[in-house]
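S.K.: fold the following and give me the result.
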Amino acid sequence: MEDPPGETQSSYHFPPYSERELNTLYGALHTADSDMEKKQILTSYGLTVDEAQEYFRGYPGYTDPPHSEGSST
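M.R.: Predicted coordinates for the structure are as follows:
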């Protein structure tokens, strides 16, 4: 029998990526030429725009990719 959700989860939230992976992703986003390219990079890492904003909020020079509202990929 499985434990109810939340009872076995850690009380600490750790990102699913190492610091090296986050730095690589940040570099790729920083050098992207367009918002569409940024979205494609985030998608390849399995991240949403909101998750990226949370991870990179304190990084120097980071600009949030725009949310895709009503657009299809």
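S.K.: do you know how far residue 34 is from residue 23?
M.R.: Between residue 34 and residue 23 the computed distance is 22 Å (C-beta to C-beta, to the nearest Å). Where C-beta positions appear, they are placed from N, C-alpha and C, glycine not excepted.
S.K.: neighbour count: those two, which is higher?
M.R.: residue 23 (12 against 9; other C-beta atoms under 10 Å).
S.K.: so the more buried one is in which element?
M.R.: With elements taken from DSSP states H and E, the one containing residue 23 is helix 19-31.
S.K.: next SSE downstream of that helix?
M.R.: The first helix or strand that comes after helix 19-31 along the chain, using DSSP H and E, is helix 35-44.
S.K.: give the other helices and strands that that next one contacts.
M.R.: For helix 35-44, the helices and strands in contact under the criterion 3 or more C-beta pairs under 8 Å, 6 or more residues apart in numbering; DSSP states H and E are helix 19-31, helix 49-56.
S.K.: now the shortest one: average pLDDT?
M.R.: Rounded to a whole number, the mean pLDDT of helix 49-56 is 84.
S.K.: what do you get for the longest one?
M.R.: Over the span of helix 19-31, the pLDDT mean works out to 87.
S.K.: go through that helix and flag the buried ones.
M.R.: Taking 16 or more other C-beta atoms under 10 Å as the neighbour-count basis, helix 19-31 is seen to contain the buried residues 22, 25, 26, 28, 29.
S.K.: three-state assignment of residue 61?
M.R.: Taking DSSP: H, G, I helix; E, B strand; the rest coil as the rule, one finds residue 61 in the coil state.
S.K.: for it, list the residues it contacts.
M.R.: By C-beta atoms under 8 Å, 6 or more residues apart in numbering, the contact set of residue 61 is residue 30.
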